[in-house]
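>>> show me the folded form of this:
(one chain, ligands or ions: 2)
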Amino acid sequence: MTEQRKYVVGITDHMIGTPDLEAEVLGKDVEIDFFATTDETLFAADRLARLDALMVWGARLGRRSIAHLTRCRGVVRYGVGYEKIDIAALADAGIPFANNPDYGTEEVADHAVAMILSLQRRLWEHDARARGYTSGWQVHSLKPLSRANRATVGVVGVGRIGTAVINRLKPFGFRILGYDPGQPPGHEKAVGYERTDNPSDLFARSHIVTLHCPATDETRGMLDGDGLARMKPGAILVNTARGELIDDLDALEASLRSGHLAAAAIDTLVQEPPGDHPLLSAWRNREDWLAGRLVITPHNAFYSDHAAVEMRQNAARTVRILLDEGRLRNRITA
Ligand SMILES: NC(=O)c1ccc[n+]([C@@H]2O[C@H](COP(=O)([O-])OP(=O)(O)OC[C@H]3O[C@@H](n4cnc5c(N)ncnc54)[C@H](O)[C@@H]3O)[C@@H](O)[C@H]2O)c1
Ligand SMILES: O=C(O)[C@H](O)COP(=O)(O)O
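Residues are numbered from 1 along each chain as shown. Ligands and ions are numbered 1, 2, ... in the order given. Below is the predicted model:
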(Lines give C-alpha, C1' and ligand atoms only; values in the text may rest on other atoms or scores of the structure.)
(Ligands and ions follow the chains in the order given, each with its own letter.)
Protein backbone atom coordinates (compact mmCIF):
# COMPACT_ATOMS: atom_id res chain seq x y z
CA MET A 1 0.00 0.00 0.00
CA THR A 2 1.43 3.47 -0.85
CA GLU A 3 1.99 5.69 2.14
CA GLN A 4 -0.41 8.65 2.33
CA ARG A 5 1.72 11.84 2.33
CA LYS A 6 0.67 14.63 4.64
CA TYR A 7 1.60 17.69 2.57
CA VAL A 8 1.96 18.71 -1.08
CA VAL A 9 4.65 21.27 -1.97
CA GLY A 10 4.82 22.74 -5.48
CA ILE A 11 8.18 23.62 -7.05
CA THR A 12 8.28 25.65 -10.25
CA ASP A 13 10.90 25.53 -13.00
CA HIS A 14 13.76 24.30 -10.91
CA MET A 15 17.15 25.34 -12.32
CA ILE A 16 18.90 22.07 -11.51
CA GLY A 17 16.33 19.74 -12.97
CA THR A 18 15.51 17.26 -10.22
CA PRO A 19 14.28 18.50 -6.86
CA ASP A 20 16.30 15.89 -4.95
CA LEU A 21 17.92 18.28 -2.44
CA GLU A 22 14.52 19.76 -1.68
CA ALA A 23 13.01 16.29 -1.17
CA GLU A 24 15.74 15.47 1.33
CA VAL A 25 15.08 18.61 3.39
CA LEU A 26 11.29 18.51 3.09
CA GLY A 27 11.09 14.92 4.32
CA LYS A 28 9.10 11.80 3.55
CA ASP A 29 5.70 13.16 4.49
CA VAL A 30 5.88 15.74 1.66
CA GLU A 31 4.82 15.00 -1.90
CA ILE A 32 6.59 17.29 -4.37
CA ASP A 33 4.58 18.47 -7.35
CA PHE A 34 7.16 19.69 -9.86
CA PHE A 35 6.04 22.30 -12.42
CA ALA A 36 8.88 22.05 -14.95
CA THR A 37 8.11 25.33 -16.71
CA THR A 38 8.52 29.10 -16.29
CA ASP A 39 5.22 29.60 -18.10
CA GLU A 40 2.65 30.43 -15.47
CA THR A 41 -0.22 29.84 -17.89
CA LEU A 42 0.70 26.15 -17.78
CA PHE A 43 0.18 25.85 -14.03
CA ALA A 44 -3.02 23.80 -13.93
CA ALA A 45 -5.67 25.08 -11.51
CA ASP A 46 -6.33 21.67 -9.92
CA ARG A 47 -2.63 21.17 -9.19
CA LEU A 48 -2.30 24.62 -7.63
CA ALA A 49 -5.35 23.94 -5.47
CA ARG A 50 -3.66 20.89 -3.84
CA LEU A 51 -0.58 22.76 -2.63
CA ASP A 52 0.22 23.37 1.03
CA ALA A 53 3.19 25.54 -0.04
CA LEU A 54 4.82 26.71 -3.25
CA MET A 55 8.50 27.28 -4.04
CA VAL A 56 9.19 29.52 -7.05
CA TRP A 57 12.39 29.85 -9.03
CA GLY A 58 12.20 32.04 -12.18
CA ALA A 59 8.50 31.89 -13.09
CA ARG A 60 6.11 34.80 -12.80
CA LEU A 61 3.39 34.30 -10.25
CA GLY A 62 0.36 36.46 -10.91
CA ARG A 63 -3.16 36.94 -9.61
CA ARG A 64 -4.69 34.25 -11.84
CA SER A 65 -2.47 31.49 -10.42
CA ILE A 66 -2.66 32.88 -6.91
CA ALA A 67 -6.47 32.65 -6.98
CA HIS A 68 -6.11 28.86 -7.28
CA LEU A 69 -3.77 28.53 -4.26
CA THR A 70 -6.72 27.90 -1.99
CA ARG A 71 -4.98 25.75 0.67
CA CYS A 72 -1.49 27.25 0.33
CA ARG A 73 0.09 28.39 3.61
CA GLY A 74 3.03 30.20 2.04
CA VAL A 75 4.96 30.99 -1.14
CA VAL A 76 8.76 30.97 -1.00
CA ARG A 77 11.08 32.37 -3.67
CA TYR A 78 14.40 30.60 -4.19
CA GLY A 79 16.23 33.90 -4.84
CA VAL A 80 16.40 37.40 -3.39
CA GLY A 81 14.43 39.51 -5.89
CA TYR A 82 10.67 39.13 -6.14
CA GLU A 83 9.59 41.59 -8.80
CA LYS A 84 7.96 38.77 -10.79
CA ILE A 85 5.72 37.76 -7.89
CA ASP A 86 2.46 39.63 -7.40
CA ILE A 87 2.88 40.19 -3.68
CA ALA A 88 -0.20 42.41 -3.53
CA ALA A 89 -2.32 39.53 -4.88
CA LEU A 90 -0.72 37.17 -2.34
CA ALA A 91 -1.51 39.61 0.46
CA ASP A 92 -5.12 39.92 -0.80
CA ALA A 93 -5.38 36.13 -0.75
CA GLY A 94 -3.91 36.03 2.79
CA ILE A 95 -0.92 33.95 1.66
CA PRO A 96 2.38 34.94 3.26
CA PHE A 97 5.42 35.31 1.03
CA ALA A 98 9.14 34.92 1.80
CA ASN A 99 12.33 35.30 -0.21
CA ASN A 100 15.72 33.69 0.37
CA PRO A 101 17.94 36.60 1.37
CA ASP A 102 21.27 35.09 2.44
CA TYR A 103 22.27 32.37 0.04
CA GLY A 104 24.58 34.13 -2.45
CA THR A 105 25.58 37.46 -0.95
CA GLU A 106 29.32 36.72 -1.09
CA GLU A 107 29.18 35.51 -4.68
CA VAL A 108 27.31 38.54 -6.00
CA ALA A 109 29.62 40.90 -4.12
CA ASP A 110 32.67 39.13 -5.57
CA HIS A 111 31.14 39.37 -9.05
CA ALA A 112 30.44 43.09 -8.73
CA VAL A 113 33.94 43.81 -7.38
CA ALA A 114 35.52 41.71 -10.14
CA MET A 115 33.57 43.82 -12.65
CA ILE A 116 34.56 47.09 -10.96
CA LEU A 117 38.27 46.28 -10.79
CA SER A 118 38.52 44.86 -14.28
CA LEU A 119 36.74 47.84 -15.84
CA GLN A 120 38.68 50.29 -13.70
CA ARG A 121 41.91 48.59 -14.85
CA ARG A 122 40.42 48.38 -18.40
CA LEU A 123 41.42 44.73 -18.65
CA TRP A 124 39.06 43.70 -21.43
CA GLU A 125 39.56 46.88 -23.45
CA HIS A 126 43.34 46.60 -23.29
CA ASP A 127 43.19 42.88 -24.03
CA ALA A 128 41.26 43.74 -27.22
CA ARG A 129 43.68 46.54 -28.11
CA ALA A 130 46.77 44.39 -27.44
CA ARG A 131 45.49 41.66 -29.76
CA GLY A 132 45.49 44.24 -32.56
CA TYR A 133 49.11 45.35 -32.02
CA THR A 134 51.44 44.00 -34.66
CA SER A 135 54.56 46.09 -34.12
CA GLY A 136 55.30 46.26 -30.41
CA TRP A 137 53.16 47.22 -27.41
CA GLN A 138 51.72 50.69 -27.99
CA VAL A 139 51.23 51.54 -24.33
CA HIS A 140 51.55 55.27 -25.00
CA SER A 141 48.46 55.07 -27.25
CA LEU A 142 46.28 53.93 -24.36
CA LYS A 143 44.48 56.33 -22.07
CA PRO A 144 46.40 56.04 -18.77
CA LEU A 145 44.60 54.25 -15.96
CA SER A 146 43.63 56.04 -12.78
CA ARG A 147 44.60 54.92 -9.30
CA ALA A 148 41.99 53.18 -7.21
CA ASN A 149 42.65 55.45 -4.26
CA ARG A 150 41.84 58.51 -6.40
CA ALA A 151 38.48 57.12 -7.52
CA THR A 152 35.03 57.31 -5.91
CA VAL A 153 32.65 54.37 -6.02
CA GLY A 154 28.92 55.07 -5.59
CA VAL A 155 26.95 52.16 -4.14
CA VAL A 156 23.19 52.33 -4.74
CA GLY A 157 21.47 50.07 -2.19
CA VAL A 158 23.55 49.34 0.89
CA GLY A 159 21.83 46.15 2.02
CA ARG A 160 23.47 42.74 2.27
CA ILE A 161 25.26 42.75 -1.09
CA GLY A 162 26.01 46.50 -1.12
CA THR A 163 27.63 46.17 2.31
CA ALA A 164 29.66 43.13 1.22
CA VAL A 165 30.83 45.13 -1.82
CA ILE A 166 31.92 48.06 0.35
CA ASN A 167 33.84 45.73 2.67
CA ARG A 168 35.71 44.32 -0.30
CA LEU A 169 36.45 47.74 -1.85
CA LYS A 170 37.75 49.51 1.25
CA PRO A 171 41.23 47.92 1.26
CA PHE A 172 41.84 49.25 -2.27
CA GLY A 173 41.47 52.81 -0.99
CA PHE A 174 38.40 53.81 -3.02
CA ARG A 175 36.34 56.64 -1.59
CA ILE A 176 32.86 55.21 -1.11
CA LEU A 177 29.50 56.96 -1.38
CA GLY A 178 26.24 55.18 -0.62
CA TYR A 179 22.59 55.91 -1.35
CA ASP A 180 19.97 53.87 0.45
CA PRO A 181 16.79 55.53 1.75
CA GLY A 182 15.91 52.30 3.61
CA GLN A 183 18.90 52.37 5.95
CA PRO A 184 18.68 54.19 9.28
CA PRO A 185 20.90 57.12 10.29
CA GLY A 186 24.27 55.87 11.52
CA HIS A 187 24.34 52.96 9.04
CA GLU A 188 26.98 54.81 7.01
CA LYS A 189 29.27 54.98 10.05
CA ALA A 190 28.76 51.33 10.93
CA VAL A 191 29.52 50.17 7.36
CA GLY A 192 32.01 52.87 6.40
CA TYR A 193 30.67 54.99 3.57
CA GLU A 194 29.61 58.58 2.99
CA ARG A 195 25.85 58.88 2.73
CA THR A 196 24.23 60.80 -0.12
CA ASP A 197 20.61 61.95 0.09
CA ASN A 198 19.64 61.32 -3.51
CA PRO A 199 20.82 59.19 -6.43
CA SER A 200 21.60 62.23 -8.64
CA ASP A 201 24.20 63.46 -6.18
CA LEU A 202 25.78 59.99 -6.06
CA PHE A 203 25.82 59.73 -9.88
CA ALA A 204 27.39 63.18 -10.23
CA ARG A 205 30.18 62.44 -7.74
CA SER A 206 31.13 58.85 -8.58
CA HIS A 207 33.69 57.57 -11.07
CA ILE A 208 32.16 54.13 -10.70
CA VAL A 209 28.51 53.36 -9.88
CA THR A 210 27.47 49.89 -8.70
CA LEU A 211 23.80 48.95 -8.29
CA HIS A 212 22.53 46.80 -5.42
CA CYS A 213 18.90 47.82 -4.86
CA PRO A 214 15.72 45.93 -5.85
CA ALA A 215 13.59 46.72 -8.91
CA THR A 216 10.67 48.77 -7.58
CA ASP A 217 8.46 51.55 -8.93
CA GLU A 218 10.99 53.96 -7.50
CA THR A 219 14.14 52.39 -8.95
CA ARG A 220 12.90 51.24 -12.37
CA GLY A 221 14.69 53.28 -15.05
CA MET A 222 16.98 54.88 -12.46
CA LEU A 223 19.70 54.89 -15.11
CA ASP A 224 17.69 55.89 -18.17
CA GLY A 225 18.98 58.64 -20.47
CA ASP A 226 18.65 61.30 -17.75
CA GLY A 227 20.30 59.15 -15.11
CA LEU A 228 23.19 58.28 -17.40
CA ALA A 229 23.63 61.95 -18.32
CA ARG A 230 23.99 62.75 -14.61
CA MET A 231 26.98 60.44 -14.31
CA LYS A 232 30.51 61.82 -14.60
CA PRO A 233 32.01 61.85 -18.10
CA GLY A 234 34.18 58.73 -18.36
CA ALA A 235 32.34 56.90 -15.57
CA ILE A 236 31.89 53.15 -15.19
CA LEU A 237 28.55 51.45 -14.46
CA VAL A 238 28.09 48.01 -12.90
CA ASN A 239 24.74 46.27 -12.52
CA THR A 240 24.44 42.95 -10.73
CA ALA A 241 21.03 43.85 -9.25
CA ARG A 242 18.16 44.00 -11.73
CA GLY A 243 17.98 44.84 -15.45
CA GLU A 244 15.01 47.14 -14.86
CA LEU A 245 17.35 49.70 -13.25
CA ILE A 246 18.99 50.36 -16.66
CA ASP A 247 15.94 49.77 -18.81
CA ASP A 248 16.76 51.88 -21.88
CA LEU A 249 19.29 50.15 -24.15
CA ASP A 250 19.08 53.05 -26.67
CA ALA A 251 20.25 55.44 -23.97
CA LEU A 252 22.96 53.04 -22.81
CA GLU A 253 24.20 52.66 -26.38
CA ALA A 254 24.22 56.43 -26.94
CA SER A 255 26.14 57.00 -23.72
CA LEU A 256 28.74 54.34 -24.56
CA ARG A 257 29.04 55.53 -28.17
CA SER A 258 29.66 59.12 -27.12
CA GLY A 259 32.19 57.98 -24.53
CA HIS A 260 30.26 59.70 -21.75
CA LEU A 261 30.06 56.27 -20.17
CA ALA A 262 33.52 54.70 -20.42
CA ALA A 263 32.32 51.17 -19.73
CA ALA A 264 29.52 49.06 -18.31
CA ALA A 265 29.33 45.57 -16.83
CA ILE A 266 25.94 43.96 -16.57
CA ASP A 267 24.80 40.67 -15.05
CA THR A 268 21.06 41.35 -15.22
CA LEU A 269 18.95 42.57 -18.12
CA VAL A 270 15.26 43.33 -18.55
CA GLN A 271 15.08 40.54 -21.11
CA GLU A 272 17.10 37.43 -20.31
CA PRO A 273 18.59 36.15 -22.53
CA PRO A 274 18.75 39.48 -24.36
CA GLY A 275 16.93 39.97 -27.64
CA ASP A 276 18.01 42.04 -30.60
CA HIS A 277 19.34 45.55 -30.20
CA PRO A 278 22.15 47.40 -32.02
CA LEU A 279 24.10 47.63 -28.76
CA LEU A 280 23.81 43.89 -28.23
CA SER A 281 24.83 43.22 -31.85
CA ALA A 282 27.90 45.40 -31.34
CA TRP A 283 28.70 43.42 -28.20
CA ARG A 284 28.11 40.04 -29.87
CA ASN A 285 30.19 41.02 -32.90
CA ARG A 286 32.97 42.56 -30.81
CA GLU A 287 32.70 45.81 -32.78
CA ASP A 288 35.82 47.88 -32.41
CA TRP A 289 34.16 51.00 -30.95
CA LEU A 290 32.85 48.91 -28.03
CA ALA A 291 35.87 46.63 -27.59
CA GLY A 292 36.05 45.56 -23.95
CA ARG A 293 33.76 48.40 -22.82
CA LEU A 294 30.58 46.38 -22.41
CA VAL A 295 30.75 43.18 -20.43
CA ILE A 296 27.67 41.00 -20.05
CA THR A 297 27.41 37.91 -17.87
CA PRO A 298 24.32 35.67 -17.99
CA HIS A 299 22.75 36.46 -14.60
CA ASN A 300 25.19 34.07 -12.96
CA ALA A 301 26.63 36.39 -10.29
CA PHE A 302 25.03 34.25 -7.58
CA TYR A 303 25.91 30.93 -9.14
CA SER A 304 28.61 29.03 -7.28
CA ASP A 305 28.50 25.37 -6.29
CA HIS A 306 27.99 26.38 -2.66
CA ALA A 307 25.33 29.02 -3.32
CA ALA A 308 23.29 26.76 -5.59
CA VAL A 309 23.07 24.13 -2.85
CA GLU A 310 22.52 26.69 -0.09
CA MET A 311 19.74 28.37 -2.04
CA ARG A 312 17.80 25.14 -2.52
CA GLN A 313 18.33 23.86 1.01
CA ASN A 314 17.48 27.21 2.63
CA ALA A 315 14.29 27.59 0.60
CA ALA A 316 13.22 24.03 1.43
CA ARG A 317 14.02 24.56 5.14
CA THR A 318 11.85 27.68 5.10
CA VAL A 319 8.97 25.55 3.82
CA ARG A 320 9.62 22.73 6.32
CA ILE A 321 9.53 25.22 9.23
CA LEU A 322 6.28 26.62 7.82
CA LEU A 323 4.69 23.17 7.67
CA ASP A 324 5.88 22.22 11.16
CA GLU A 325 5.42 25.48 13.03
CA GLY A 326 3.10 27.59 10.89
CA ARG A 327 5.79 30.30 10.90
CA LEU A 328 7.27 31.70 7.67
CA ARG A 329 10.85 32.91 8.18
CA ASN A 330 12.17 35.75 5.95
CA ARG A 331 8.57 36.76 5.52
CA ILE A 332 8.04 39.83 3.34
CA THR A 333 4.26 40.20 3.22
CA ALA A 334 1.33 39.41 5.48
N1 LIG B 1 22.70 38.91 -10.07
C2 LIG B 1 22.36 38.00 -9.19
O3 LIG B 1 22.64 36.83 -9.36
C4 LIG B 1 21.68 38.40 -7.93
C5 LIG B 1 21.67 37.52 -6.85
C6 LIG B 1 21.12 37.93 -5.65
C7 LIG B 1 20.52 39.18 -5.56
N8 LIG B 1 20.49 39.97 -6.64
C9 LIG B 1 19.84 41.28 -6.58
O10 LIG B 1 20.67 42.18 -5.85
C11 LIG B 1 19.87 43.17 -5.22
C12 LIG B 1 20.31 43.39 -3.77
O13 LIG B 1 20.20 42.20 -3.03
P14 LIG B 1 20.48 42.21 -1.44
O15 LIG B 1 20.57 40.79 -1.04
O16 LIG B 1 21.59 43.12 -1.09
O17 LIG B 1 19.11 42.82 -0.94
P18 LIG B 1 18.86 43.64 0.40
O19 LIG B 1 17.39 43.65 0.59
O20 LIG B 1 19.71 43.13 1.52
O21 LIG B 1 19.37 45.11 0.04
C22 LIG B 1 18.71 45.93 -0.86
C23 LIG B 1 18.87 47.36 -0.37
O24 LIG B 1 18.31 48.23 -1.35
C25 LIG B 1 17.74 49.31 -0.62
N26 LIG B 1 16.82 50.09 -1.45
C27 LIG B 1 15.47 49.92 -1.60
N28 LIG B 1 14.99 50.89 -2.41
C29 LIG B 1 16.04 51.67 -2.77
C30 LIG B 1 16.18 52.82 -3.58
N31 LIG B 1 15.12 53.40 -4.15
N32 LIG B 1 17.39 53.35 -3.74
C33 LIG B 1 18.48 52.78 -3.13
N34 LIG B 1 18.41 51.71 -2.33
C35 LIG B 1 17.21 51.16 -2.16
C36 LIG B 1 17.08 48.66 0.57
O37 LIG B 1 16.83 49.62 1.60
C38 LIG B 1 18.12 47.63 0.95
O39 LIG B 1 19.03 48.12 1.92
C40 LIG B 1 18.42 42.68 -5.39
O41 LIG B 1 17.86 43.36 -6.50
C42 LIG B 1 18.57 41.24 -5.76
O43 LIG B 1 17.50 40.74 -6.49
C44 LIG B 1 21.06 39.63 -7.82
O1 LIG C 1 16.24 34.22 -10.38
C2 LIG C 1 16.97 35.19 -10.23
O3 LIG C 1 16.53 36.31 -10.34
C4 LIG C 1 18.42 35.02 -9.90
O5 LIG C 1 18.95 34.08 -10.69
C6 LIG C 1 18.69 34.63 -8.51
O7 LIG C 1 17.72 35.20 -7.81
P8 LIG C 1 18.00 36.62 -7.18
O9 LIG C 1 18.82 37.37 -8.17
O10 LIG C 1 16.66 37.17 -7.01
O11 LIG C 1 18.67 36.23 -5.94
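>>> going forward, measure contacts and count neighbours with C-alpha atoms only.
Noted.
>>> now do the top helix by length along the chain, average pLDDT.
Longest helix in the chain, counting residues (DSSP state H): helix 305-325. Per-residue pLDDT values over helix 305-325 give a mean of 97.
>>> what number of residues lie near Leu290?
21 (other C-alpha atoms under 10 Å).
>>> could you pull up the residues touching it?
Leu256, Arg257, Ala282, Trp283 (C-alpha atoms under 8 Å, 6 or more residues apart in numbering).
>>> also Gly81?
Taking C-alpha under 8 Å, 6+ apart as the test, what Gly81 contacts is Asn99, Pro214, Ala215.
>>> swap the cut-off to 7 Å and go again
Listed by C-alpha atoms under 7 Å, 6 or more residues apart in numbering, the contact partners of Gly81 are Pro214.
>>> setting aside sequence neighbours, what's the nearest residue to the residue nearest the centre of the chain?
The residue lying closest to the centre of the chain (C-alpha atoms, centre = their mean) is Ala241, at 3.3 Å. Using C-alpha to C-alpha, 6 or more residues apart in numbering and skipping the chain neighbours, the partner closest in space to Ala241 is His212 (5.1 Å).
>>> how confident was the prediction at the one you found?
Taking His212 on its own, its pLDDT is 98.
>>> and it, how many neighbours?
His212: 27 neighbours (other C-alpha under 10 Å).
>>> my read: it touches Gly157, true?
Yes - judged on C-alpha atoms under 7 Å, His212 makes contact with Gly157 at a distance of 4.7 Å.
>>> and the residue of the stretch 1-150 of the chain found nearest ligand 1, how far from ligand 2?
Proximity of the stretch 1-150 of the chain to ligand 1 (C-alpha to the nearest ligand atom) peaks at Gly81, 3.4 Å away. Look at Gly81 and ligand 2: by C-alpha to the nearest ligand atom, to the nearest Å, they are 3 Å apart.
>>> what of Asn100?
From Asn100 over to ligand 2 (counting by C-alpha to the nearest ligand atom), the distance is 7 Å.
>>> name the residues that touch stretch 173-189?
148-158, 193-199, 202.
>>> for those residues, which ChimeraX command selects only the ones that are buried?
Listed next is the ChimeraX selection for buried residues among the contacts of stretch 173-189, using 16 or more other C-alpha atoms under 10 Å:
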select :148,151,152,153,154,155,156,157,158,193,194,195,196,199,202
